[in-house]
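Q: dropping a prediction and its sequence here:
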Amino acid sequence: MASLRGGPLTGLALLFVNLLLMVLLLPGAHGAAAAGTGKSKISAVFVFGDSIVDPGNNNNRLTEARADFPPYGQDFPGGVPTGRFSNGKVPGDMFASRLGIKELLPPYIGSDLQLSDLLTGVVFASGGSGYDPLTSIPATATSSTGQLELFLDYKEKLKAVVGEEEMARVISEGIYFTVMGANDLANNYFTIPLRRHQYDLPSYVAFLVSSAVNFTMKLNEMGAKRIGFIGIPPIGCCPSQRELGSRECEPMRNQAAQLFNSEITKEINRLNAEQSVPGSKFAYIDIYYNLLDLIQQPSLYGFKEVTEGCCGSTVLNAAIFIKNHPACPNVYDYIFWDSFHPTEKAYRIVVDKCIQQNMQYLM
């Protein structure tokens, strides 16, 4: 029998093995997913913010801003209340899924994180937080500064497991989202007198914009190169923020959100022009008009109820105040789950719109 050693089959096999090894050893070949455009690799998704994106970081905190009990999570896989402030998944999960990273984006605090979780992204957001350091105090939430400290802790933890080079790759190839500002207006400026004594509304918004820019620049300096800045939603249309019994959105809160979004857009354009950290990309992501479109044209998106929350409509119909309370039987008809947070269905429509409109600016 003729020997196969050194024959054509062996040569092809060796070529295949060598090519496979080259692919596996390419920087970023593992743990990275290509976005739908194929323009740029994404290693991980990281999210900072408030209860819009908190997936359970507040679960073990002594705070009213928790959601780790029914009826929250009734439509989450397995019907589990994880700490997400909705009936199911929240925007962080949806961004990670649409970008091809993973289906659920876990909280950094209090969860049994695996190496695969660390390599593909986590959430540092805390329900009740804001850009204003005062905002997080009544809610005993993790402040925006505290969330940056958690990110630093994350980097050290990842470096200890995979080394400096791999940690740097994950950080530099990641996409970052920051989602704050709603609590600063709704639960701080318009609720607590202190800031209103210190600032008129335009001055307070200018203070918030400055704080948000400082947060973004610090995150950029810590290695984040692609940052999606999600604006403030139309908070005056939340059930708890409308005037009692009114079908109309509260105009002052919406005007404040619009002013913030307008000013932060200018600042993001400036950051892109200055490029303090070479290779950085910043994008403003509009949640305001995308959510407002659902509210103004509900039937177009399959909704029937705009002004009421599925779990109630007062300031006491959210977070710990609705623990174990029954929800409405027809959640898919509702834009809002509780008196402040949208349903999974509403979030999914808004996130899909945001990705279609803005993600090319981060790729």
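A: Structure's in. What do you need?

Q: and for residue 49, the neighbour number?
A: For residue 49, the count of nearby residues is 26 (other Cβ atoms under 10 Å). All C-beta atoms are positioned from the backbone trio N, CA, C, and that covers glycine.

Q: bridged to it, which residues?
A: On the basis of DSSP bridges, residue 49 is bridged to residue 179.

Q: would you mind confirming that it makes contact with residue 131?
A: No: taking contacts as Cβ atoms under 8 Å, residue 49 lies outside contact range of residue 131: 10.0 Å.

Q: overlap of the contact sets of the two?
A: Common contacts of residue 49 and residue 131 (Cβ atoms under 8 Å, 6 or more residues apart in numbering): residue 180.

Q: now the stretch 1-150 of the chain, which segments are flagged as low pLDDT?
A: 1-40 (pLDDT under 70).

Q: so where do the strands sit in it?
A: Secondary structure of the stretch 1-150 of the chain (DSSP state E, counting those that start in this stretch): strands at 33-34, 41-42, 45-49.

Q: check the stretch 201-350 of the chain too.
A: Taking DSSP E, counting those that start in this stretch as the test, the strands found in the stretch 201-350 of the chain are 226-230, 281-285, 305-309, 334-336.

Q: which residues touch the second one?
A: Going back to what we said before, that points to strand 281-285. By Cβ under 8 Å, 6+ apart, strand 281-285 touches 177, 216, 225-231, 261, 264-265, 268, 271-272, 354, 357-359, 361-362.

Q: can you check the last one too?
A: With contacts defined as Cβ under 8 Å, 6+ apart, strand 334-336 is touched by 238-239, 294-295, 298, 303-306, 308-310, 328, 342-343, 346.

Q: between these, which is nearest residue 276?
A: Taking Cβ to Cβ as the measure, residue 276 sits nearest to residue 342 out of those, at 34.5 Å.

Q: what's the separation between that closest one and residue 85?
A: Distance, residue 342 to residue 85, using Cβ to Cβ, to the nearest Å: 9 Å.

Q: what's the answer for residue 221, then?
A: Distance from residue 221 to residue 85, by Cβ to Cβ: 30 Å.

Q: ok, those two, which is more surrounded?
A: The neighbour count for residue 221 versus residue 85, taken as other Cβ under 10 Å, is higher for residue 85 (26 against 12).

Q: summarise which helices and strands the longest helix along the chain is packed against.
A: What stands out as the longest helix in the chain, according to DSSP state H, is helix 251-274. Applying 3 or more Cβ pairs under 8 Å, 6 or more residues apart in numbering; DSSP states H and E, we find helix 251-274 packed against helix 201-221, strand 281-285, helix 288-296.

Q: change it to 10 Å
A: If contacts are counted by 3 or more Cβ pairs under 10 Å, 6 or more residues apart in numbering; DSSP states H and E, helix 251-274 sits against helix 182-183, helix 201-221, strand 226-230, strand 281-285, helix 288-296.

Q: about what we covered before: between residue 342 and residue 85, what contacts are shared?
A: residue 52 (Cβ atoms under 10 Å, 6 or more residues apart in numbering).

Q: can you flag the buried ones in the contacts of strand 281-285?
A: For the contacts of strand 281-285, a neighbour count by 16 or more other Cβ atoms under 10 Å gives the buried set as 177, 216, 225-231, 261, 264-265, 268, 271, 354, 358-359, 362.

Q: pretty sure residue 257 sits against residue 232.
A: Yes: contact criterion Cβ atoms under 10 Å: residue 257 and residue 232 qualify, at 4.0 Å.
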